[in-house]
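Enquirer: Structural data only, the sequence is not supplied:
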């Protein structure tokens with residue numbers, strides 16, 4: 001290959017790589033914004049707005065429900081969060097860090113705090129892996145110590 005051809009090939013590869021990285025960054029920023037919006041709605045206890053950020057057929061994992069993946073309608077999600085608020089009226093999630101992974105996953109490390117109606121102070125570190133497609137959360141796989 002001629003030096004000029006090699007330079008042109010390297011330049012083209014570099015430009016294409018930058019474009020791909022920029023596109024990935026844009027998608028990740030949109031996904032991060034969606035997840036932050038979810039946490040804002042959660043902390044405002046606006047359960048219906050929070051649920052609207054999920055696909056109706058979203059899949060979930062939660063230590064409270066065992067180790068299997070399960071489905072939950074948005075109406076059921078509102079019911080779950082409403083029940084949580086009844087038991088812990090001041091429940092609040094504080095994001096510690098957000099880790100984007102590829103163009104579909106956002107991993108969030110956060111601390112859930114509050115005081116239950118019977119006076120128990122909650123301080124629970126949690127990690128959730130969100131999968132996002134077409135601007136909606138399609139998977140919420142949450143991990144924490146359930147003991």
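Expert: That came through, no problem. All values reported here derive from a predicted model rather than from experimental measurement.

Enquirer: in the protein, which spans are strands?
Expert: With DSSP state E, the ranges of strands along the chain come out as 54-61, 70-71, 92-101, 105-115, 121-133, 136-143.

Enquirer: Make CSV from the ones you listed and add mean pLDDT, distance to residue 84 and mean neighbour count to it.
Expert: The C-beta positions use only the backbone N, C-alpha and C, and glycine is treated the same way. Listed next are the strands of the chain as CSV, based on pLDDT from 0 to 100; distance: least, Cβ to Cβ, whole Å; neighbours: other Cβ atoms under 10 Å:
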stretch, mean pLDDT, distance to residue 84, mean neighbour count
strand 54-61, 97, 14, 17
strand 70-71, 96, 17, 10
strand 92-101, 98, 11, 14
strand 105-115, 98, 9, 17
strand 121-133, 97, 10, 16
strand 136-143, 98, 13, 17
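
Enquirer: what's the closest non-adjacent residue to residue 122?
Expert: If you skip the residues right next to it in sequence, residue 122 has residue 114 as its closest partner in space, 4.9 Å away by Cβ to Cβ, 6 or more residues apart in numbering.

Enquirer: That neighbour is in contact with residue 89, isn't it?
Expert: Yes - counting by Cβ atoms under 8 Å, residue 114 touches residue 89, with 7.4 Å between them.
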